[in-house]
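Engineer: requesting a structural model of the entry that follows:
(one chain, ligands or ions: 1)
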Amino acid sequence: MLRLVSYKVAGPLKASIGKSLLLARFASSDPKTTTASASSSSSSSSSSTKKPIFEGIPDAGDDSHSGEYIKTVSKPYTVTTYARPNLVLTHGKGSHIYDLEDRKYIDFTSGIAVTCLGHANEEISKIIQDQSQKLLHCSNLYYNLPAGELANKLVTKTRELDGMSDAARVFLCNSGTEANEAAMKFARKYGKMVSGGSEEKVEFITFENSFHGRSLGALSLTPNPKYQKPFAPLIPGVNVAKPNNIESVKQLISRDKTCAVIIEPIQGEGGVNPIDGEFLVQLRQLCDENDVVLIYDEIQCGLGRSGKLWAHSHLPKEAHPDIVTMAKALGNGFPIGATMITERIENALAVGDHGTTYGGNPLGSRIGSYVVDQIANEEFLAKVNEKSNLFTDKLEKLANEFPEKILKVKGKGLLLGLQFDEKVDINKIVEKCRENGLLIITAGLNTVRLVPALNIPEGDITEGLAVLEHCIRNS
Ligand SMILES: Cc1ncc(COP(=O)(O)O)c(C=O)c1O
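Structural biologist: A predicted model of the protein is given here:
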């Protein structure tokens, strides 16, 4: 079979690559001109224009440019918290992403549900350039124009597009875990206010298979022993209920002790599990009866990903939360997060209760404003649903064709999952897809997760799904 790319660094070139040269080479590498190998420049330079599918090219070897870079520049100096393949990504455009070997991939991961408007979005590039020449940062000692605009837009668009009917205020921060930390603190403050300053109404209820982040507070709400055990003890008073089982919540909730319940309306990391609408209505009611704050973590499932502005926009008002947390898509890759609250929660807060150096900086806020303008738009959301149909039609066909491998198709909008039988090694499917030019990720419950850009072109969907089919068939 013809290989599009040769990974071997030719002997003389390899010998001449010292560490400093490597650093310079990789730092200045123009992805469009970087060749995969000195001896195969003609074949490699055409690789990005050729379709990579069904070639089954393994990840770059240790002798490739990628391997050399990882071995000498990156790995020895990077904290060992990730297991990664030999893949060094250099640039992207729309739903395509390229590596140091000049290989092209269709991206069904969008950086884990982040680059919702695609890689190298031209409008966002312009905003970054323009804002960087005006004001990048000024702290929260003062107002800045983009931060107010973003907060204003999030609230008004949320109310317009069937979200949290009494959305009122926004706290801007830099990531999902920070958005959840703010939500936890606001809920605790609310608990103290309504209990007359009691030190008891400080506990949380979270759910099995949920994911809320890695900082110690958010990690305490993430009941996964793999993530929690190495860092125990975590914050006390976190109780774990079962999703879609209101009795399990009833057994744990207490007017005196519980300050908040946190849930993802569609669980992402935990396996792409949409939560039943009826359960969320009951959950809201239970929170009201016990004066408990209801927090929806929409960090992964929010901002258009479900086919509506919010995953909870699909639900009746009777299931709307008191706090919504968001991040990921809001910056299209620029780190930003936000915590949106009702006036009832705002009433519990006072100056000095919470803060951040970078949150609400003019650059991130301006990018966020642009993203919200694009997503909070009926036409845009209608297209997300069309793309979702294209995906689910094909995924259902695959599930019918391979019933011994695929248990079910899950998710909503463009947060989709294929749950595989436990006999199937889904990491092998991910690897095989990568070798054939498609990036996908896994989630809990032996699930392959598909979270492409919300504006992914139909052609890329079809092409990517053909790769997925090929790899499932041959696994
Ligand atoms: C639902 C949910 N909450 C919180 C987080 C944490 O966000 P971040 O990684 O930006 O801190 C994530 C990240 O995957 C998430 O999916």
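
Engineer: could you count how many residues lie near residue 404?
Structural biologist: Number of residues near residue 404 (other CB atoms under 10 Å) recorded here: 8. Every residue, glycine included, has its C-beta placed from N, CA and C.

Engineer: for the ligand, what are the nearby residues on the protein?
Structural biologist: 112, 175-177, 180, 211-213, 264, 268-269, 297, 299-300, 327 (CB under 6 Å from any ligand atom).

Engineer: what do you get if the cut-off is 5 Å, keeping everything else the same?
Structural biologist: 175, 176, 177, 212, 213, 264, 268, 297, 299, 300, 327 (CB under 5 Å from any ligand atom).

Engineer: which of the residues you listed fall within helices?
Structural biologist: 176, 177 (DSSP state H).

Engineer: farthest-apart pair in the residues of the chain next to the ligand, please.
Structural biologist: 175 and 264 (15.9 Å; CB to CB).

Engineer: more neighbours, the two?
Structural biologist: residue 264 (28 against 20).

Engineer: which residue comes closest to that one once chain neighbours are left out?
Structural biologist: In space, and not counting its chain neighbours, residue 264 is closest to residue 297: 4.7 Å by CB to CB, 6 or more residues apart in numbering.

Engineer: contacting residues for the one you found?
Structural biologist: 176, 180, 183, 210, 212, 262, 263, 264, 325 (CB atoms under 8 Å, 6 or more residues apart in numbering).

Engineer: how far does the strand or helix carrying residue 170 sit from the chain's center?
Structural biologist: In the assignment (DSSP states H and E), residue 170 maps to strand 167-173. Distance of strand 167-173 from its chain centroid, counting by CA atoms, centre = their mean, to the nearest Å, is 20 Å.

Engineer: same check, this time on stretch 451-461
Structural biologist: 16 Å.

Engineer: coming back round to it: neighbouring strands of the strand holding residue 170 in the sheet, and parallel or not?
Structural biologist: strand 337-342 (antiparallel) (DSSP bridges).

Engineer: buried set for the next helix or strand after the partner strand?
Structural biologist: Downstream of strand 337-342, the next assigned helix or strand under DSSP H and E is helix 343-346. Neighbour-count burial for helix 343-346, counted by 16 or more other CB atoms under 10 Å, picks out residue 345.

Engineer: what is helix 343-346 packed up against?
Structural biologist: strand 167-173, helix 176-194 (3 or more CB pairs under 8 Å, 6 or more residues apart in numbering; DSSP states H and E).

Engineer: got the ones you listed as a markdown table, with mean neighbour count, distance to residue 286 and mean pLDDT columns?
Structural biologist: Output for the helices and strands packed on helix 343-346, formatted as a markdown table (neighbours: other CB atoms under 10 Å; distance: least, CB to CB, whole Å; pLDDT from 0 to 100):
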| stretch | mean neighbour count | distance to residue 286 | mean pLDDT |
| --- | --- | --- | --- |
| strand 167-173 | 22 | 21 | 98 |
| helix 176-194 | 24 | 15 | 98 |
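
Engineer: returning to what we had before: closest one of the contacts of residue 297 to residue 203?
Structural biologist: For the contacts of residue 297, the nearest to residue 203 is residue 262 (11.6 Å; CB to CB).

Engineer: for the closest one, give me its contacts.
Structural biologist: 180, 183, 184, 204, 205, 206, 210, 212, 221, 295, 296, 297.

Engineer: all strands of the stretch 201-350 of the chain, in order?
Structural biologist: Assigned by DSSP state E, counting those that start in this stretch, the stretch 201-350 of the chain shows strands spanning 203-207, 238-241, 258-263, 266-267, 273-274, 293-297, 323-326, 337-342.

Engineer: which of those strands sits closest to residue 100?
Structural biologist: It is, among the strands of the stretch 201-350 of the chain and with distance given as CB to CB, strand 337-342, at 30.3 Å.

Engineer: average pLDDT for that closest one?
Structural biologist: Here strand 337-342 scores 99 as its mean pLDDT.

Engineer: gap between that strand and the chain center?
Structural biologist: 17 Å.

Engineer: from residue 207, how far out is residue 228?
Structural biologist: With distances taken as CB to CB, to the nearest Å, residue 228 is found 14 Å from residue 207.

Engineer: so which of the two has more stuff around it?
Structural biologist: residue 207 (25 against 17).

Engineer: what does the pLDDT read for that one?
Structural biologist: For residue 207, pLDDT reads 98.

Engineer: and it, what are its bridge partners?
Structural biologist: Applying DSSP bridges, one finds that residue 207 bridges with residue 241.

Engineer: how far does the longest helix seen in the chain sit from the chain's center?
Structural biologist: Ranked by residue count, the top helix of the chain under DSSP H comes out as helix 378-401. Remark: helix 378-401 is offset 19 Å from the chain centroid, using CA atoms, centre = their mean.

Engineer: how about the contacts made by the closest residue in space to residue 328 that isn't next to it in sequence?
Structural biologist: Distance criterion CB to CB, 6+ apart; nearest residue to residue 328, sequence neighbours excluded, is residue 114 at 4.8 Å. Contact analysis of residue 114 by CB under 8 Å, 6+ apart lists 328, 329, 331, 332, 333.

Engineer: what do you get for residue 222?
Structural biologist: Residue 222 neighbours (CB under 8 Å, 6+ apart): 206, 210, 211, 212, 213, 214, 228.

Engineer: now what about stretch 235-248, what contacts it?
Structural biologist: 202-210, 216-217, 220-221, 223, 249, 251-252, 257-258, 261, 263, 267, 273, 275-276, 279, 282-283, 286.

Engineer: try it again with 6 Å
Structural biologist: Applying CB atoms under 6 Å, 6 or more residues apart in numbering, the contact partners of stretch 235-248 are 202-208, 220, 223, 249, 252, 275-276, 279, 282.

Engineer: same check, this time on stretch 146-158
Structural biologist: 164, 167, 170, 172, 340, 360, 362, 365-366, 368-369, 372, 376.

Engineer: can you list the buried residues in that stretch?
Structural biologist: For stretch 146-158, by 16+ other CB under 10 Å, it's 146, 147, 149, 150, 151, 153, 154, 155, 157, 158.

Engineer: helices of the stretch 101-250 of the chain, start to end?
Structural biologist: 110-113, 122-132, 145-160, 176-194, 216-220, 225-228, 246-250 (DSSP state H, counting those that start in this stretch).
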